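1. Quick one, what's the 3D model for this:
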Amino acid sequence: YRNVIVMTTTNITQSVDSAFVDRADIKQYIGLPTVRARYEILRSCVDELIRVGIVTAKGSDKGDKEEGNGSAEDDGEEVNGEHDTSGTDSDGAAKQSNKVRKSVLPSYWQICANAVQSYSTALRAPSFMEEGSILLECAKNAEGMSGRCLRRLPFQSHALFIQSNEPASLREFVDALLDGIEHEQEATRTLNESI
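-> Numbers count the residues shown, from 1 in each chain. Sure, this is the predicted structure:
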């Protein structure tokens, strides 16, 4: 057959037959997420929980940044606020309005800059910097976890450690997430020891 591509993936590379690997024209190893990637994955999950009202962040529901209450810019994009991406498509038909809410949490780079520089000289402190620092601690503690596991953890952490129908504060949630990651790491260690 012409123009056919076969793609395979595995999480158990040590079990793949070497003769099979030798026949592959292109081999690409994709490792576990880096600390930056883990932070951004967790940050996007928190953003979704804020969007649906499971987690609440004071000031995060305001459309515009306010002095001392808005997150700084993330790679040149406005971090707080909504952006309407509606318009018309190539046929002139109206597109559905898609409001994109930017994160209330600081970016990975803002957290790193905060650790090195004083805001009085270089940066205006974004809102929720303390929560962002805890989220970075979560990302560091999640070493060895897959992206799939990282996306599951915020929901498990809420169920295990918040146990309320009322919206959790952002601070309460990131503390619960820290506990959830510790719980998951302990469960993984226990499982590995029993094998």
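
2. Could you point out the longest helix of this protein?
-> helix 170-194 (DSSP state H).

3. Tell me which residues are up against that helix.
-> 42, 46, 49-50, 55-57, 60, 104-105, 128, 130-131, 134-135, 137-138, 141-142, 144-145, 149, 153-154, 156-158, 160-162, 168 (C-beta atoms under 8 Å, 6 or more residues apart in numbering). Using the backbone N, CA and C atoms, a C-beta is placed for each residue, glycine as well.

4. Tell me the gap between it and the middle of its chain.
-> Computed by C-alpha atoms, centre = their mean, to the nearest Å, the chain-centroid distance of helix 170-194 equals 16 Å.

5. what is the mean pLDDT for it?
-> Across helix 170-194, pLDDT averages out at 94.

6. Quick check: buried residues in that helix?
-> 170, 172-178, 180-181, 184 (16 or more other C-beta atoms under 10 Å).

7. on that earlier part again, type out the PyMOL command that picks the buried ones from the contacts of helix 170-194.
-> Buried members of the contacts of helix 170-194 can be picked out in PyMOL with the line below, counting by 16+ other C-beta under 10 Å:
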select buried, resi 42+46+49+50+55+56+57+60+104+105+128+131+134+135+137+138+141+142+145+149+153+154+156+157+158+161+162+168
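
8. Looking at the contacts of helix 170-194, which are in helices?
-> Those of these mapping onto helices are 42, 46, 49-50, 130-131, 134-135, 137-138, 141, 149, 153-154, 156-157, per DSSP H.

9. May I ask which two of those are separated the most?
-> Spanning the widest gap among the ones in helices among the contacts of helix 170-194 are 130 and 149, at 25.3 Å by C-beta to C-beta.

10. for the protein, which residue is closest to the average position?
-> What sits nearest the mean C-alpha location of the chain, by C-alpha atoms, centre = their mean, is residue 41, with 2.0 Å.

11. measure the closest residue to that one other than its chain neighbours to residue 182 for me?
-> Distances taken as C-beta to C-beta, 6 or more residues apart in numbering place residue 150 nearest to residue 41, at 4.6 Å, with adjacent residues excluded. To residue 182, residue 150 is 14 Å away according to C-beta to C-beta, to the nearest Å.

12. lowest-pLDDT helix or strand in the chain?
-> The weakest-scoring helix or strand in the chain, judged by mean pLDDT, DSSP states H and E, is strand 82-84 (a mean of 43).

13. got the CA positions of stretch 4-20 in CSV?
-> What follows is stretch 4-20 as a C-alpha-only set of coordinates in CSV (Å, rounded to 0.1, in the frame of the first residue of the first chain):
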residue,chain,number,x,y,z
VAL,A,4,0.5,4.2,4.8
ILE,A,5,1.9,5.0,8.2
VAL,A,6,1.7,2.7,11.1
MET,A,7,2.2,4.3,14.5
THR,A,8,2.6,2.4,17.8
THR,A,9,3.0,3.5,21.4
THR,A,10,3.8,1.7,24.6
ASN,A,11,4.4,2.4,28.2
ILE,A,12,6.4,-0.7,28.7
THR,A,13,9.4,-0.2,26.4
GLN,A,14,11.4,-2.9,28.1
SER,A,15,8.9,-5.5,26.9
VAL,A,16,9.1,-4.6,23.2
ASP,A,17,10.9,-7.1,21.0
SER,A,18,14.1,-5.6,19.7
ALA,A,19,13.5,-7.1,16.2
PHE,A,20,10.2,-5.2,16.1
